[in-house]
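S.K.: just need the structure, nothing else, for what follows:
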Amino acid sequence: MGLFSFLKASDKKQTLQSGLAKTRQSLLEKVRHAILGKSSVDDEVLDRLEEGFIQADVGVDTTLKIIDKLRARVAREKYVGIEELTALLKEEVISLLPLPPENAPEEYRKPYVILVVGVNGVGKTTTVGKLAWLYGQAGKKVILGAADTFRAAAVDQLKIWSERSGAYLVQKGMGADPASVAFDTLNAAKARQADIVIIDTAGRLHNKKHLMDELTKVRNVMKKVIPDAPHEVMLILDGSTGQNAFEQARQFTAATQVNSLTITKLDGTAKGGVVLGVADTFKLPVRFIGVGEKPQDLQPFDREAFVDSLFEGWLLIPN
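M.R.: Numbers count the residues shown, from 1 in each chain. This next block holds a predicted model:
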């Protein structure tokens, strides 16, 4: 049934469709006039679709991949009806999204250590708290490490989330050495036989180099306790920032060994295409997406369900 089978499929689908409503509507507005009254896909339809994808912050390179494949398909088959366009789009978009792990990797290591990185303001600490809640609901014993010691609010947030989720919190307060917090967190995880360790980190120091140096130091100290830790370096991106998310991904992937993405705040933006663009550009699997405020609105990413919701009913053009 899966690690997060306690999340009802019907609730997940409804929340996902609601969370992607603004992006879906933006795409619809771009193509509806081009499609209206036509029986087949032509250059005008594809041009408007291209414009819609770029406006949704899919990114130019990824958009061109999708449109070029559609254009080649139309040319090869000579006739592609409007009603076939949704199926073709879903097929091409899904093919660009890197496959997530076939089985939840956190089921095969104990403790499974997640180092969470990203700039301030993307919802990083809130995401750590929601992850703790999700894993707790899945029956996992969770330990949190408050290694963002440069913001008092980050530590306070994690205290609240630890109480809400039942996770054990390791923290030393503002100004403590983040690497020391990480070291103590992993030792506590071993002593308490935790299943999941999630470590929050700072999103900004006084310059970018020092931030990345600090992350390297944290990683090196963690390996002294658990040699293959961290097992996952999860980059948190704010979906509503569009092209800024690409730049953040570029900086973090260049500086540290990011191997998964979580994209937040998709419910408040028409730029949900950033999920497609960032995942394709950096060849990283999306593990979770945020489509609402509640803890359960941080959903394990299902690429088929995401693409289905993105294009749900959008070609049903009213007369």
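S.K.: isn't Ile67 right next to Phe53, touching?
M.R.: Yes: distance between Ile67 and Phe53: 7.5 Å, which falls inside the contact criterion (C-beta atoms under 8 Å). Just so you know, the C-beta spots here come from the backbone N, C-alpha and C atoms, and that holds for glycine as well.
S.K.: counting neighbours, go ahead and name the busier of those two.
M.R.: Neighbours per residue, other C-beta atoms under 10 Å: of Ile67 and Phe53, the larger number sits with Phe53, 26 against 18.
S.K.: state the next helix or strand along the chain beyond the one helix or strand Val278 maps to.
M.R.: Under DSSP states H and E, the secondary-structure element containing Val278 is helix 274-282. Following the chain from helix 274-282 toward its C-terminal end, the next helix or strand by DSSP H and E is strand 286-290.
S.K.: which secondary structure elements does that next one contact?
M.R.: Packed against strand 286-290 by the contact rule (3 or more C-beta pairs under 8 Å, 6 or more residues apart in numbering; DSSP states H and E) you find helix 124-137, strand 260-264, helix 274-282, strand 298-300.
S.K.: can you list the strands that that strand pairs with?
M.R.: In the sheet containing strand 286-290, the strands it pairs with under DSSP bridges are strand 260-264 (parallel), strand 298-300 (antiparallel).
S.K.: surely Thr62 meets Thr281?
M.R.: Yes: here Thr62 reaches Thr281: they are 6.5 Å apart, a contact under C-beta under 8 Å.
S.K.: winner for burial among the strands paired with strand 286-290?
M.R.: Most buried of the strands paired with strand 286-290, by mean neighbour count (mean count of other C-beta atoms under 10 Å): strand 260-264, with a mean of 25.
S.K.: the inter-axis angle of it versus helix 124-137?
M.R.: 110 degrees (axes from the mean of the first three to the mean of the last three C-alpha atoms, to 10 degrees).
S.K.: let me see the ranges of the strands in this structure.
M.R.: 112-117, 142-147, 168-170, 196-201, 232-238, 260-264, 286-290, 298-300 (DSSP state E).
S.K.: buried set for stretch 98-114?
M.R.: For stretch 98-114, burial by neighbour count (16 or more other C-beta atoms under 10 Å) applies to Pro100, Pro105, Glu106, Pro111, Tyr112, Val113, Ile114.
S.K.: would you turn those residues into a markdown table with pLDDT?
M.R.: Formatted as a markdown table, the buried residues of stretch 98-114 follow (pLDDT from 0 to 100):
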| residue | pLDDT |
| --- | --- |
| Pro100 | 76 |
| Pro105 | 81 |
| Glu106 | 84 |
| Pro111 | 96 |
| Tyr112 | 96 |
| Val113 | 97 |
| Ile114 | 97 |
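S.K.: break this structure into its domains for me.
M.R.: Segmentation of the chain into domains, based on automatic domain parsing, reads 10-99, 105-302.
S.K.: could those domains go into a markdown table alongside distance to Phe311?
M.R.: A markdown table is the format used below for the domains of the chain (distance: least, C-beta to C-beta, whole Å):
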| stretch | distance to Phe311 |
| --- | --- |
| domain 10-99 | 5 |
| domain 105-302 | 12 |
